[in-house]
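Asks: What follows is a predicted protein model with its sequence.
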Amino acid sequence: MVVLGRQYNIPNILLLGYATLCQGTTPLSSEEGRRLGVEDVVNIYRIRHELYGSVIIPVSFEEALEKVRISLSNEEQEDEKDLEAERADPDLDDEQGEWTDAGSVAASPKSVAEEIVSSTADTRAGTDASDSDGHAIGSSYADPASQTSPAEKDKETVDSGNTSPGLERPEDQPGLASEQERTDVNTVSLPSETPLDAPLSAERPEAQGYPEYEKERFEEPLPGGEATPDASSSRSGGIPTINPSDVRVPELSGPAGQVFRFLNELTTNNFDPVTDNILQWFKAMQPMPDSQILCQIAQSIVERAIAGQRGQVDNLVRLCKEMVKRLSKVKGPKGKATSGGFLFRDYLGDICHENLKAVAALAVPAGKHTAGDRRLLLIEFIGELAKPSAKMWTLGSIDKWVTALLDPNDEEKVATLCMLMARAGPLWHTSPKKFRTHISRWFQEMSNVAQRTSKPRVRTLLQDVIGRRNLGWVAK
């Protein structure tokens, strides 16, 4: 009643709600405290003290300390039980925790997705020198047995005698004309005149999680109001994004090309048969499917989601749910069999983590309309997978996103974090207690940054999303 009375400016409801809470003697629940906010909770307990102050019997500090210790210990035990229940899987071996601990890879210096980025950047470094306007994505997760030296690749590309029947040589394909595009058969080429982003679909305005006018609060135009040229060709780090309608995959591109061909065929009308084909193709790998190929599938799905092809996000979200549900065992990075569904979720979280950092880094140099759409598309994809019907994201993955984006010195990272919380926060707000406990910790850190920062925009963005959460995620 207090929240509704304040929201709709109805004094009678507000006063009745306050009076009811102040009259009560039972402690407020965590849910009530979050909805009311700090100021209301303090006022209610102050009025209660004034009403019932003489009834309170003082206790010693030692008794209070012991009570607090027991209460906090019980909460920690409940959180640990919830986390263990989430990760319980008979197919997981004991050593898997080093690299699949809810999206964390603390035992290794770099996460799996960061290794993708580093090898991708190395592949692109050689091509950027000859054509700064081109974009290439190296297949860093190709089968090691299929990898050959550059000389062997050139020989396979040029020598028609070694071309398999039914396959066109690269020089005969209309889309591959330059020598640079024929250098690596595992390279996906994009035309330089095609932008990497696509406008948001007009059919899904409600999926953004915030109105159109609110985007202005997260994004600021560059000085002079003009966007600079797209800087994606010069960026390093992060996972590149591509437009699927403009991708030309060579026939000899191995698993990477096969994944792109499957995704090109994926539509609402043929979702079931294409999904079956993807899973059958993946499971048919002998002696056991490789986790590297699974990571490449996850990477391709995220790239396709950011590309913004109309109506594709729903199909990609459904595909992710089917992958988690139907994948059995795969060969993990250590060569041991492990749960394919859990590993796919972990890879998907790592790849989204790198993309969140990448779109934030590109927001200023690439211009508002170029990088802004990619950022919104990525956040929409994450938000769709945060719905109760999907429950794709682990606490470890979300914690990595918040830690990476809560940088008081980087306004675009903070803007990306606030947009993510505005989109997915209401969905996580209704999650079990373990999620709500972590959400409270993240928002406390955001509140601390808002108080310490000297940047007005950072403070405004954080205070805005914190205020929306305190009002029960009702837009101000």
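Replies: Yes, it's here.

Asks: Let me see the ranges of the strands in this structure.
Replies: 135-138, 187-190, 329-331, 337-339 (DSSP state E).

Asks: What's the mean pLDDT across the second one?
Replies: Strand 187-190 comes out with an average pLDDT of 38.

Asks: same thing with the last one?
Replies: Regarding strand 337-339, the rounded mean pLDDT is 81.

Asks: Paired strands for that strand, with orientation please.
Replies: Strands that pair with strand 337-339, judged by DSSP bridges, come out as strand 329-331 (antiparallel).

Asks: For the strand it pairs with, which residues meet the burial criterion?
Replies: The neighbour-count check on strand 329-331 (16 or more other CB atoms under 10 Å) flags 329-331 as buried. Bear in mind the C-beta positions are built from the backbone N, C-alpha and C, glycine included.

Asks: Of those residues, which is the nearest to Thr416?
Replies: When the buried residues of strand 329-331 are ranked by distance to Thr416 (CB to CB), Val330 comes first, at 31.4 Å.

Asks: need the contact list for that closest one.
Replies: Each residue near Val330 by CB atoms under 8 Å, 6 or more residues apart in numbering is listed here: 288-291, 294, 337-340, 343.

Asks: are any of those buried, and which?
Replies: Buried members of the contacts of Val330, scored by 16+ other CB under 10 Å, are 289-291, 294, 338-340, 343.

Asks: from memory Met419 sits against Ile379, does it?
Replies: Yes. Assessed by CB atoms under 8 Å, Met419 is found in contact with Ile379 at 5.4 Å.

Asks: Where helices are concerned, which of the contacts of Val330 count?
Replies: Members of the contacts of Val330 lying in helices (criterion: DSSP state H): 291, 294, 340, 343.

Asks: Out of these, which two sit at the greatest distance?
Replies: Taking CB to CB, the two most distant members of the ones in helices among the contacts of Val330 are Ser291 and Gly340; they sit 8.2 Å apart.

Asks: Check which residues of stretch 373-383 are buried.
Replies: Buried residues in stretch 373-383 (16+ other CB under 10 Å): 373-383.

Asks: Can you give me the neighbour number for the closest residue to Lys400 other than its chain neighbours?
Replies: The shortest distance from Lys400 to any non-neighbouring residue, by CB to CB, 6 or more residues apart in numbering, is to His353 (5.2 Å). Using other CB atoms under 10 Å, His353 has 22 other residues around it.

Asks: I'd assumed Trp401 was in contact with His353.
Replies: Yes. With contact defined as CB under 8 Å, His353 reaches Trp401; the gap is 5.7 Å.

Asks: remind me which residues of the stretch 351-476 of the chain are low pLDDT?
Replies: 364-371, 475-476 (pLDDT under 70).

Asks: And the helices in it, which stretches?
Replies: Listed in chain order, the helices of the stretch 351-476 of the chain (DSSP state H, counting those that start in this stretch) span residues 368-385, 395-405, 411-429, 433-452, 456-470.

Asks: So for Val274, which of those helices sits nearest?
Replies: Within these, the stretch nearest Val274 is helix 368-385; the backing value is 18.8 Å (CB to CB).

Asks: excluding its backbone neighbours, what's nearest Ile293?
Replies: Nearest non-adjacent residue to Ile293 (CB to CB, 6+ apart): Pro255, at 5.2 Å.

Asks: What pLDDT is listed against that neighbour?
Replies: You'll see Pro255 listed with a pLDDT of 71.

Asks: Look up how far Asp290 lies from it.
Replies: 9 Å (CB to CB, to the nearest Å).

Asks: Dump stretch 434-446 to PDB, restricted to CA.
Replies: What follows is stretch 434-446, C-alpha atoms only, in PDB (Å, rounded to 0.1, in the frame of the first residue of the first chain):
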ATOM      1  CA  LYS A 434      20.100 -17.000  -3.500                       C
ATOM      2  CA  PHE A 435      19.600 -14.600  -6.500                       C
ATOM      3  CA  ARG A 436      18.000 -11.900  -4.400                       C
ATOM      4  CA  THR A 437      20.900 -12.000  -1.900                       C
ATOM      5  CA  HIS A 438      23.500 -11.500  -4.600                       C
ATOM      6  CA  ILE A 439      21.400  -8.800  -6.300                       C
ATOM      7  CA  SER A 440      21.300  -6.900  -3.000                       C
ATOM      8  CA  ARG A 441      25.100  -7.100  -2.800                       C
ATOM      9  CA  TRP A 442      25.500  -5.900  -6.400                       C
ATOM     10  CA  PHE A 443      23.200  -2.900  -5.800                       C
ATOM     11  CA  GLN A 444      25.000  -2.100  -2.600                       C
ATOM     12  CA  GLU A 445      28.300  -1.900  -4.500                       C
ATOM     13  CA  MET A 446      26.500   0.300  -7.100                       C
END
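
Asks: Show me what counts as buried in it.
Replies: Neighbour-count burial for stretch 434-446 [16+ other CB under 10 Å]: 434-439, 442-443, 446.

Asks: Distance to Glu63 added to the residues you listed, as TSV?
Replies: Formatted as TSV, the buried residues of stretch 434-446 follow (distance: CB to CB, whole Å):
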residue	distance to Glu63
Lys434	29
Phe435	32
Arg436	29
Thr437	25
His438	30
Ile439	31
Trp442	32
Phe443	31
Met446	34
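
Asks: picking up where we left off before, got the helices of the stretch 351-476 of the chain as a markdown table, with distance to Ala298 columns?
Replies: Below are the helices of the stretch 351-476 of the chain laid out as a markdown table (distance: least, CB to CB, whole Å):
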| stretch | distance to Ala298 |
| --- | --- |
| helix 368-385 | 12 |
| helix 395-405 | 12 |
| helix 411-429 | 19 |
| helix 433-452 | 22 |
| helix 456-470 | 28 |
